[in-house]
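Engineer: What follows is a predicted structure for the sequence shown.
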Amino acid sequence: MKLVFEKSVAGRRAVRAGRSDVATTINIKKGFLRQKPAELAELSELDVVRHFTQLSQRNFGVDTNFYPLGSCTMKYNPKVAERIASYPGSAAVANG
């Protein structure tokens, strides 16, 4: 699957907003303002929808794939958590 920047076509815009007739003020320090426009991908609205639909289809879902029993409790436990759980006082906390 291509990245949005690989799908980008110069000049293509999903939405073309007209100029606003409302006066604006920018209260941002000069040091934080961009020196040049942001380099964003240029895609049509349809390309954006297709891209995010393809991303969503890559996510695992219980309605689209096999979901093994017990997998919700089989989480990765880092070594730090395992070590803390092995301390003598930890067992007393768990047993109330």
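Structural biologist: Happy to help now that I have it. Numbering: from 1, shown residues only.

Engineer: going forward, measure contacts between C-alpha atoms and count neighbours the same way
Structural biologist: Noted.

Engineer: what's Arg13 in contact with, if anything?
Structural biologist: Glu42, Leu43, Ser44, Glu45 (C-alpha atoms under 8 Å, 6 or more residues apart in numbering).

Engineer: Okay, and which of these map to strands?
Structural biologist: Of the positions in the contacts of Arg13, not one sits in strands, assigned by DSSP state E.

Engineer: where exactly do the helices run in the protein?
Structural biologist: Using DSSP state H, the helices assigned to the chain run over residues 4-7, 45-58, 79-85, 88-95.

Engineer: Tell me which of those helices sits nearest to Lys30.
Structural biologist: Smallest distance to Lys30 across the helices of the chain (C-alpha to C-alpha): 28.5 Å, for helix 4-7.

Engineer: Which strands or helices does that closest one pack on?
Structural biologist: Helices and strands touching helix 4-7, as assessed by 3 or more C-alpha pairs under 8 Å, 6 or more residues apart in numbering; DSSP states H and E, are absent.
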